[in-house]
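[1] below are the sequence and a predicted model; questions follow.
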Amino acid sequence: MSMIASCHCGATKIQAAETPRSAKQCNCSFCARTGAVWAYYAPGELTFLSQDEERTYSARGMNQHHFCGVCGMQTWGDSPDWASAYNADGSAKEGFTPGTMPTQRIYAVNLRLVDDLDWSKIAVEQMDGRNNW
């Protein structure tokens, strides 16, 4: 079943073909401030229904944090697919060396922006980004 994430004012709307079964909540210096719970999708798996007022923030250029320029809601992110090369504890996966930069990108949608989401069907993993990245 499809899912739509919408900022508070409705200027940004993102559709995913499927509601995720898993998501991640991170305590890094950025995510902890937004309170987001992230569901991850490959590029091409999301449909951007409305982005007219979208703004982007990036502290170092790698991770693109998108938010609504009207209501300020953190809507989605575009970053290297860190999970393809690193474990949750920050160690490199087999076949990768520490310091490897993933070549693939991944999109993350803030599930807090989905009305009437059944949280009981989503396993939310707590990520220690503050200490592991």
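    Yep, it's here.

[2] just want the most central residue of this protein.
    residue 108 (2.3 Å; CA atoms, centre = their mean).

[3] stretch 7-15: end-to-end distance?
    12 Å (CA to CA, to the nearest Å).

[4] off-centre distance for that stretch?
    Stretch 7-15 has its C-alpha centroid displaced from the chain centroid by 15 Å (CA atoms, centre = their mean, to the nearest Å).

[5] what does stretch 55-64 give?
    On the basis of CA atoms, centre = their mean, stretch 55-64 sits 13 Å off its chain's mean C-alpha point.

[6] where do the strands sit along the protein?
    Along the chain, counting by DSSP state E, strands occupy 3-6, 12-16, 22-26, 38-41, 46-51, 54-57, 64-68, 74-80, 105-110, 123-127.

[7] out of those strands, flag the one nearest residue 117.
    Closest to residue 117 of these, according to CB to CB: strand 3-6, at 7.4 Å. For the C-beta atoms, the positions are set from N, CA and C on the backbone; glycine is no exception.

[8] from residue 85, how far off is the residue lying farthest from the centre of the chain?
    In the chain, counting by CA atoms, centre = their mean, residue 95 sits farthest out from the average C-alpha position, at 25.0 Å. Distance from residue 95 to residue 85, counting by CB to CB, to the nearest Å: 9 Å.
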